[in-house]
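Peer 1: Could you look at this predicted model? Sequence included:
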Amino acid sequence: MATIFLARQPILNRDQSVEGYELLYRNGLAQEARVEDQALATARVAINALREIGLERLVSGDVALSYRLLRYINTAQFPLRGQIGSIKQAVALLGMENVRRWATLTIFAEIGTSLASCS
């Protein structure tokens, strides 16, 4: 099994407050990243982060993704008696595999949107 390194680097605003995080990925002991396809590299980081860090830890650390998941599960599509207010509840109701699929689609949709706006 190959050695995989994942790191989370904070993205700071002018006031030095954390605005978000950039995930960094290295496959092996190389000191630099070899990127031939930016979209594929980003997708690999997202998939490896989901696999290595765990979905619940990743989603709960990302306010925007947490908000989207809670907004999604609290729609009329899921006729629940009360409002779901935590990632743990959402994972328990949807199941880890369904949340993983949702997160993967959401992340890839963002990647596609950001790549389209760059070209």
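Peer 2: That came in fine, so what should we check first?
Peer 1: measure residue 71 to residue 10 for me?
Peer 2: Distance, residue 71 to residue 10, by Cβ to Cβ, to the nearest Å: 25 Å. Every residue, glycine included, has its C-beta placed from N, CA and C.
Peer 1: just checking, next helix/strand downstream of the helix or strand bottoming out on mean pLDDT in the chain?
Peer 2: Ranked by mean pLDDT, DSSP states H and E, the weakest helix or strand in the chain is helix 55-61, scoring a mean of 67. Counting by DSSP states H and E, the next helix or strand C-terminal to helix 55-61 is helix 63-73.
Peer 1: what's that following helix in contact with?
Peer 2: If you take Cβ atoms under 8 Å, 6 or more residues apart in numbering as the criterion, helix 63-73 is touched by 20, 58-60, 80, 84-87, 90, 93-94, 99, 102-103, 106-107.
Peer 1: Can you flag which of those belong to strands?
Peer 2: With DSSP state E as the criterion, strands contain residue 20 from among the contacts of helix 63-73.
Peer 1: Where does pLDDT dip in the chain?
Peer 2: 1-6, 25-31, 33-35, 50-56, 58-61, 111-119 (pLDDT under 70).
Peer 1: Provide a complete list of residue ranges assigned to helices in it.
Peer 2: Per DSSP state H, the chain carries helices over the ranges 38-53, 55-61, 63-73, 87-94, 96-118.
Peer 1: so which of these comes closest to residue 15?
Peer 2: helix 63-73 (16.9 Å; Cβ to Cβ).
Peer 1: What residues of the closest one count as buried?
Peer 2: 65-66, 68-70, 72-73 (16 or more other Cβ atoms under 10 Å).
Peer 1: Stretch 85-104 too?
Peer 2: Quick answer for stretch 85-104 (16+ other Cβ under 10 Å): 87, 90-91, 94, 99-100, 102-103.
Peer 1: Dump it to PDB, keeping only the CA atoms.
Peer 2: This file holds the C-alpha atoms of stretch 85-104, laid out as PDB (Å, rounded to 0.1, in the frame of the first residue of the first chain):
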ATOM      1  CA  GLY A  85     -29.500  20.100  13.500                       C
ATOM      2  CA  SER A  86     -26.300  18.100  13.500                       C
ATOM      3  CA  ILE A  87     -24.100  16.300  11.000                       C
ATOM      4  CA  LYS A  88     -24.200  13.200  13.300                       C
ATOM      5  CA  GLN A  89     -28.000  13.100  13.000                       C
ATOM      6  CA  ALA A  90     -27.800  13.600   9.300                       C
ATOM      7  CA  VAL A  91     -25.400  10.700   8.900                       C
ATOM      8  CA  ALA A  92     -27.500   8.500  11.100                       C
ATOM      9  CA  LEU A  93     -30.600   9.100   9.100                       C
ATOM     10  CA  LEU A  94     -29.200   9.000   5.600                       C
ATOM     11  CA  GLY A  95     -26.500   6.400   6.200                       C
ATOM     12  CA  MET A  96     -22.800   7.000   5.700                       C
ATOM     13  CA  GLU A  97     -22.800   5.700   2.100                       C
ATOM     14  CA  ASN A  98     -25.600   8.100   1.000                       C
ATOM     15  CA  VAL A  99     -23.900  11.000   2.700                       C
ATOM     16  CA  ARG A 100     -20.600  10.100   1.100                       C
ATOM     17  CA  ARG A 101     -22.300  10.000  -2.400                       C
ATOM     18  CA  TRP A 102     -24.000  13.400  -1.700                       C
ATOM     19  CA  ALA A 103     -20.700  15.000  -0.500                       C
ATOM     20  CA  THR A 104     -18.800  13.600  -3.500                       C
END
